[in-house]
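Student: Fold the stuff below for me.
(2 chains)
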Amino acid sequence: VHLEQSGGEVKKPGDSLKIACTGSGYDFAHYWIGWVRQVPGEAMQWVGFIFPSDSDIRYSPSFEGHVTISADTSVSAAYLQWRSLRASDNGIYFCARVKTTFGLGARFWHFDFWGRGTLISVSS
Amino acid sequence: IVLTQTPLSLAVNPGQPASITCKSSRNLRHDNGKNLLCWYLQRPGQPPQLLIEETSVRVSGVPERFSGRVSGTDFTLQISRVEADDVGLYFCMQNIEIPLTFGGGTKLEIK
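Tutor: Numbering: from 1, shown residues only, chains lettered A, B, ... in the order given. Next up, the predicted model:
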């Protein structure tokens, strides 16, 4: 399993941005893939994840409406997109493959493989 | 669900044990009997690596020196004998429900 992420970006508030994560070494379309933000000195934050095969998406309430997650199975890529960046979007964004488990009709997600991260810097 | 991780940092001599605690604001035990918490290690300059899932299940390739346990809502990661390769940021993550949430992290250093 390998997750290759696009390079770091330096942007201004109000700019748009789309970062990518390309998966290889596994059946990309049939594993959920997620995004996590890391800001130094703070706890990691789950952004959301997508099931590429049918584009089923789950967003964190903290990010829903501000970011868009998408995927393209033809190129085994997942994307995280902003229409209008804010300074508070600074951080390293990791993509990570999701391991899904089930129990008594419930579904659980956690991350088993991670990309190396994309550093986003937003500053005027 | 809030995960409070302690200590923030610790420095350990090689060969000595280390213990990290992650306290959950809510019960992470599902009706299926599993406590749904993972532990990750992020070595300097590296992406996080899954060490333990379901509180105590070591992922393939993770040394037996690493173990996890739970008492109520207090989760513990223990390293029986710390090695130089163990340095980095350890963090917990609950996965009993979304939004998934993380502990603040513990930085392990070698004395």
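Student: who in chain A is up against chain B?
Tutor: A:42-46, A:58, A:60-62, A:94, A:96, A:99, A:101, A:103-104, A:106, A:108-117 (C-beta under 8 Å from any C-beta of the partner chain). C-beta here means a position set from N, CA and C on the backbone, and glycine is covered the same way.
Student: Which ones among the residues you listed map onto strands?
Tutor: In strands, judged by DSSP state E, the following of these are found: A:45-46, A:58, A:94, A:96, A:99, A:101, A:103, A:106, A:108-114.
Student: Select only the buried ones of those in PyMOL?
Tutor: With 16 or more other C-beta atoms under 10 Å in any protein chain shown as the criterion, this PyMOL line picks the buried residues out of these:
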select buried, chain A and resi 45+46+58+94+96+99+108+109+110+111+112+113+114
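Student: Could you pull out the buried residues of stretch B:87-104?
Tutor: For stretch B:87-104, using 16+ other C-beta under 10 Å, the buried residues are B:87-96, B:98-104.
Student: just checking: which of the residues you listed also lie near chain A?
Tutor: Applying C-beta under 8 Å from any C-beta to those, one finds that B:91, B:93, B:95-96, B:98-104 fall near chain A.
Student: Adding secondary structure and pLDDT, write those residues out as a markdown table.
Tutor: Shown next, in a markdown table, are these (DSSP: H, G, I helix; E, B strand; the rest coil; pLDDT from 0 to 100):
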| residue | secondary structure | pLDDT |
| --- | --- | --- |
| B:Phe91 | strand | 97 |
| B:Met93 | strand | 98 |
| B:Asn95 | coil | 96 |
| B:Ile96 | coil | 95 |
| B:Ile98 | coil | 94 |
| B:Pro99 | coil | 96 |
| B:Leu100 | coil | 97 |
| B:Thr101 | strand | 98 |
| B:Phe102 | strand | 98 |
| B:Gly103 | coil | 98 |
| B:Gly104 | coil | 97 |
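Student: and of the residues you listed, the nearest to B:Thr73?
Tutor: Set against B:Thr73, the nearest of these by C-beta to C-beta is B:Ile96 (11.3 Å).
Student: how close does the spatially most central residue of chain B get to chain A?
Tutor: Of all residues in chain B, the one closest to the mean position by C-alpha atoms, centre = their mean is B:Trp39, 3.5 Å from it. Distance, B:Trp39 to chain A, by C-beta to the nearest C-beta, to the nearest Å: 10 Å.
Student: Around chain A, pick out the residues from chain B.
Tutor: Close to chain A, as judged by C-beta under 8 Å from any C-beta, chain B has residues B:3, B:30-32, B:34, B:36, B:38, B:40, B:46-50, B:53-54, B:59, B:91, B:93, B:95-96, B:98-105.
Student: ok, now with 6 Å
Tutor: Listed as neighbours of chain A in chain B under the rule C-beta under 6 Å from any C-beta of the partner chain: B:30-32, B:36, B:38, B:47-48, B:50, B:95, B:98-100, B:102, B:104.
Student: Nearest to A:Lys18 among the ones in strands among the residues of chain A next to chain B?
Tutor: Distance to A:Lys18, by C-beta to C-beta, is smallest for A:Phe94 among those, at 16.0 Å.
Student: Thought A:Trp35 was touching the closest one, still the case?
Tutor: No - using C-beta atoms under 6 Å, A:Phe94 makes no contact with A:Trp35, being 7.0 Å away.
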